Each structure stands twice: as structure tokens, then as C-alpha cells.
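>>> give the three-dimensional model of this entry:
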Amino acid sequence: MDFDVDEFLQAPLTARVATSGPTVRPTWFLWEERAFWILTGPWSRLAAHVAADARVALTVDVCDVTSGLVRQVVARGRGEIVPFDVTRGRRKLTRYLGPDESLWDTRFRDYLSAGPAGRGAVWLRIHPERMTATDLSYRVPAE
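Numbering: from 1, shown residues only. Okay, here's the model as predicted:
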């Protein structure tokens, strides 16, 4: 089965990003401009890992045994740390937390206002050099 990768990556799913070490961490992401955008900063060692070795791998998947939906996107490439911009940050956080920022946990609002939790926020941008998408979905027997 084929599926629309761009549409799949617009869903508020969790990615797992791997860096050298090896280190694997779950993260929210934004898929824009044919790149994965991951918010990070001094509260995490992610930027330091990428600075030491820019090679990264990332997977986004869904496996729903009740419906038989099984899809995965696996990407490999080089990560780069780029300045944080509030507009993109708002798009990313709205996707996961909803449009009413007053309901967000303070640390998420801080990312957009450079408050205490958001100081030093940057983006890890990953332009995939290789990306595969696989649909392993199956039909669930009727009960």
C-alpha cells in the first residue's frame, strides 16, 4: 500500500531521533521545507551530540493493532543547529498542544517568549539524505 508521506508527517506523532553514542530520544517534530525541525536547547544534550557528530537517524511510526494500521518513515542525514524562530515554534507547539496557548504548560509558552524554560532554544534541522516510507498495514479479521 502506498501512503502520502507528507500527510503522514503532518500528524502529531512522536519521532525518535538517534545520534552517535548511540543515544535515542523521543521528540515532537515539525515537517516543513522537506526537513524535520526539532526544538532543543541547553536543557538537552542533543545539540552537543549533533555538534560532535552531525549524523542522525530518525523514525516516525504508528502501529495500531486494533485497526491494522502500521506505517513508518525512516530518515537518515546530517543534523544542523539553526536559530530558533517563534513563528515556526508556534506552528510546532500548536500542532501538539492545540491553538489556545493559555492552556499550555508554562515551559511551552516560555519557548515562544524566551522565558526561563525557553532561554537558549534552537532548532535541530534534519534534511534527510535518505528517507524510506513503508506501509505494513494489515486487515484485522472481523470478530
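
>>> quick one: classify Arg109 as helix, strand or coil.
helix (DSSP: H, G, I helix; E, B strand; the rest coil).

>>> touching, it and Glu101? I think so.
Yes - taking Cβ atoms under 8 Å as the definition, Arg109 is a contact partner of Glu101 at 6.0 Å. To be clear about C-beta, it is placed using only N, CA and C from the backbone, and glycine gets the same treatment.

>>> show me which of those two is the more surrounded one.
Neighbour totals were compared for Arg109 and Glu101, and Arg109 leads with 17 against 14 (other Cβ atoms under 10 Å).

>>> what do Arg109 and Glu101 both touch?
Taking Cβ atoms under 8 Å, 6 or more residues apart in numbering as the contact criterion, no residue touches both Arg109 and Glu101.

>>> could you point out which residue ranges in the protein have low pLDDT?
1, 115-118 (pLDDT under 70).

>>> need the longest helix for it.
Ranked by residue count, the top helix of the chain under DSSP state H comes out as helix 86-97.

>>> please work out which residues outside it touch it.
Against helix 86-97 from outside (Cβ under 8 Å, 6+ apart): 10, 12, 28-30, 32, 37, 39, 101, 103-104, 108, 111-112, 121, 123.

>>> now do the contacts for the residue lying closest to Thr14 once chain neighbours are set aside.
Nearest residue to Thr14, sequence neighbours excluded (Cβ to Cβ, 6 or more residues apart in numbering): Pro26, at 5.0 Å. Neighbour list for Pro26: Thr14, Ala15, Arg16 [criterion: Cβ under 8 Å, 6+ apart].
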